[in-house]
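**Student:** Need coordinates for the below:
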Amino acid sequence: MSELRINNITDRAGSSGPIIAGVSTVTSTSHMVMPSGPTEFRGGRGRGIVAGGDNPTFLSSMEFVEIATTGNSTDFGDMSEAKRKLTGASSSIRGLIFGGQTSPSPNVPIISIEYTTISSSGGGNDFGDLATSHFDGAGVTSEIRGFVCGGGNTYQNVIDFVTIASTGDSTDFGDLAEFGRQLNAGCESPTRGIILGGYNGAPHPSPSSTTSTIQFFNFASQGNTTKFGELTESARNVIAVSDQTLSLIHI
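**Tutor:** Here you go, the predicted structure:
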């Protein structure tokens, strides 16, 4: 008797797998695992979400794109309030929006955290509050924790984190190696968070200056960052993306 492999069966056009209807039985030496958990937790890994900003008034809108395709963005929903200078982090299921600014005057950061389910289109939901207010900080993510690093009009060196699958207020993780970091960038491997560049604001230190420092921390343990190396030049408003082994940086 020949062996039948289900992954070799196609429809008549050869473009998709079989469609099984009615009563069917399968005998196999292996097994099949059916999907589990809430339906909304599946299928969101291919999306990128953009939230807030100003044009010229502050925005509450959220939009998303399907990363594997090309085309325009689609409405995702709204945050709880209009704000800009946000910091983002995510797991494969949830996106987090940290802090930001809700008014141009006074120029102060806020402490709110919102979350969204990436596979839905429902806008933002209340998650909790930051231990320290932030805007223009660097977002870093492990699959379990979301981190916001530096930021704020007082040029903080604080790192806060939350557990993404829960809700609640953030917890202090440690400090950046350089005091007063804003407009910096974050990226990550499965085990490390990387913080790149940024702006060291006076009076901590004085005079104000950009930096070329790259620093890192390990997700598994709480503590301060350690110097990793240097960018090719000092920069703020840095943009960084990464996979498990490499990071690409725009300065």
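**Student:** Could you list which residues are in contact with the residue nearest the centre of the chain?
**Tutor:** The centroid of the chain falls nearest to Ala89 when counting by CA atoms, centre = their mean (2.1 Å). The contact partners of Ala89, taken as CB atoms under 8 Å, 6 or more residues apart in numbering, are Gly95, Leu96, Phe98, Gly139, Val140, Thr141, Gly146, Phe147, Val148, Ile164. The way it works is simple: take the backbone N, C-alpha and C, and place the C-beta from them, glycine included.
**Student:** Dump these to TSV, plus secondary structure.
**Tutor:** Shown next, in TSV, are the contacts of Ala89 (DSSP: H, G, I helix; E, B strand; the rest coil):
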residue	secondary structure
Gly95	strand
Leu96	strand
Phe98	strand
Gly139	strand
Val140	strand
Thr141	strand
Gly146	strand
Phe147	strand
Val148	strand
Ile164	coil
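**Student:** Which one (most neighbours) among those?
**Tutor:** Val148 (32 neighbours; other CB atoms under 10 Å).
**Student:** Return the set of residues that bridge with that one.
**Tutor:** Gly139, Asp160 (DSSP bridges).
**Student:** roughly how far apart are it and Asn55?
**Tutor:** As for Val148, its distance to Asn55 is 24 Å (criterion: CB to CB, to the nearest Å).
**Student:** Kindly report the same for Asn224.
**Tutor:** 38 Å.
**Student:** So for those two, which sits in the more crowded spot?
**Tutor:** Between Asn224 and Asn55, counted using other CB under 10 Å, Asn224 has the larger neighbour count: 13 against 8.
**Student:** which one is the more buried one nearest to, not counting chain neighbours?
**Tutor:** Gly174 (4.4 Å; CB to CB, 6 or more residues apart in numbering).
**Student:** about what we covered before: what's the residue nearest to the centre of the chain sitting at in phi/psi?
**Tutor:** Backbone torsions for Ala89, taken as degrees, to the nearest 10, come to phi -150, psi 160.
**Student:** heads up, I number from 251, so please use that
**Tutor:** All right, first residue 251 from here; so that's Ala339.
**Student:** Grab the nearest non-local neighbour of it.
**Tutor:** Leaving aside its chain neighbours, Ala339 sits nearest to Gly396 (3.4 Å; criterion: CB to CB, 6+ apart).
**Student:** Give me the pLDDT value at the one you found.
**Tutor:** Gly396 carries a pLDDT value of 96.
**Student:** That one: what's it in contact with?
**Tutor:** Residues counted as contacts of Gly396 (CB under 8 Å, 6+ apart) are Ala339, Ser340, Ser341, Leu346, Phe348, Gly389, Val390, Phe411, Val412, Ile414.
**Student:** what about 10 Å?
**Tutor:** Counting by CB atoms under 10 Å, 6 or more residues apart in numbering, Gly396 makes contact with 337-341, 344-348, 363, 365, 377, 389-390, 410-414, 420.
**Student:** Same question for Asp328.
**Tutor:** Ala301, Gly302, Leu309, Ser310, Ser311, Met312, Gly372, Gly373, Gly374.
**Student:** Tell me which residues touch the fourth one, please.
**Tutor:** By CB under 10 Å, 6+ apart, Ser310 lies in contact with 301-303, 327-333, 352, 373-374.
**Student:** in the stretch 251-400 of the chain, which spans are strands?
**Tutor:** With strands called from DSSP state E, counting those that start in this stretch, the stretch 251-400 of the chain shows them at 297-301, 311-316, 324-328, 337-340, 344-348, 360-367, 375-384, 388-391, 395-401.
**Student:** Please apply the same query to the stretch 401-501 of the chain.
**Tutor:** Going by DSSP E, counting those that start in this stretch, the stretch 401-501 of the chain shows strands at 406-413, 421-425, 431-432, 435-438, 442-446, 449-450, 459-468, 476-485, 489-492, 497-500.
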